[in-house]
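1. Kindly generate the corresponding structure for this input.
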Amino acid sequence: MARQAKAHAPLLPTFSQEGLIECGCDEAGRGCLAGPVVAAAVILPEGFSHPLLNDSKQLTERQRELLRPIIEQEALAWGVGSVSPEEIDQINILRASFLAMHRAIDDLILRPQLLLIDGNRFTPYSDIPHKCIVGGDGKYTSIAAASVLAKTHRDALMLRLATEYPGYALEVHKGYPTPAHKEAIRTLGLTPIHRKTFTIR
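-> Have a look, this model is predicted:
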């Protein structure tokens, strides 16, 4: 089993309210032109810390991949949910992001008592109260952990899809709207994993 870092003080606070089973939630892929939006939900044990853990956007790919198995092994519970490009086109990316979080929470083996949501909006989940926190992935350990799992799970999926849809360099940009990705779309056209309602300029 991976060990927690004990020689370092926690970079981020673990809980928003002591005494509650809190679950951090975050998503990845919201701004992409291709692929699903993926969310993760993570419940961490009291005292969990790791010196690298932070908002996944502040970490290198190597650091995220190092943290993923540690989080998955040490968490009390974790879940991942995704929403396909077709669903995104049907309900819009904002609702799809919330739905991906709901599916990640559905995937938990432990029921949380409070949801910590990265961002300023959320569709309530069942009867579990939630708290929206702007920049939460840089403020709370559980949300940071969720951001790492969402990003690494989505990146792994995009690497697999890159072999199915060569020519778009999905393994490089992971579906984000880079100049090279947009040029590939203009040249090769859209694939079934592209979001048809997104504007390509």
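2. hang on, residue 81 in a strand?
-> Yes - per DSSP: H, G, I helix; E, B strand; the rest coil, residue 81 lies within a strand segment.
3. The spatially most central residue of the chain in helix, strand or coil?
-> Per CA atoms, centre = their mean, the C-alpha nearest to the average position across the chain is that of residue 150, at 2.5 Å. Assigned by three-state DSSP, the conformation of residue 150 is helix.
4. For it, list the residues it contacts.
-> 26, 27, 28, 29, 38, 39, 40, 56, 80, 104 (CB atoms under 8 Å, 6 or more residues apart in numbering). Any C-beta I mention is one placed from the backbone N, CA and C, and that applies to glycine too.
5. Restricted to strands, list those residues.
-> Cross-referencing the contacts of residue 150 against strands under DSSP state E gives 26, 27, 28, 38, 39, 40, 80.
6. quick one on the thing from earlier: distance of the residue nearest to the centre of the chain from residue 80?
-> 7 Å (CB to CB, to the nearest Å).
7. Please identify every residue contacting each of those two.
-> 38, 39, 40, 104.
8. Count the neighbours of the closest residue to the second one other than its chain neighbours for me.
-> Closest residue in space to residue 39, ignoring its immediate chain neighbours: residue 100 at 3.7 Å, by CB to CB, 6 or more residues apart in numbering. One way to gauge burial is a neighbour count; for residue 100, by other CB atoms under 10 Å, it gives 31.
9. Now residue 100: which helix or strand?
-> helix 93-106 (DSSP states H and E).
10. Run through the neighbouring helices and strands of that helix.
-> Helix 93-106 sits against strand 22-28, strand 37-43, strand 77-83, helix 85-91, with contacts defined as 3 or more CB pairs under 8 Å, 6 or more residues apart in numbering; DSSP states H and E.
11. how far off strand 22-28 does it point, in degrees?
-> Between helix 93-106 and strand 22-28, the angle comes out at 140 degrees (axes from the mean of the first three to the mean of the last three CA atoms, to 10 degrees).
12. Pull the most distant pair out of the contacts of residue 150.
-> Between any two of those, the greatest separation by CB to CB is 14.8 Å, found for 56 and 104.
13. Have a look at these two and say which one is more surrounded.
-> In this view residue 56 and residue 104 are compared by other CB under 10 Å, and residue 104 has more residues nearby, 28 against 25.
14. Pretty sure the more buried one sits against residue 79.
-> Yes - counting by CB atoms under 8 Å, residue 104 touches residue 79, with 4.5 Å between them.
15. Could you give the number of residues near residue 97?
-> Neighbours around residue 97, by other CB under 10 Å: 26.
16. ok, the nearest residue to it once chain neighbours are set aside - how many residues close by?
-> Using CB to CB, 6+ apart and skipping residues adjacent in sequence, the residue nearest residue 97 is residue 27, 4.9 Å away. Residues near residue 27, counting by other CB under 10 Å, number 28.
17. residues contacting residue 27?
-> 37, 38, 39, 40, 97, 100, 101, 118, 150.
18. does it have beta-bridge partners, and which?
-> residue 39 (DSSP bridges).
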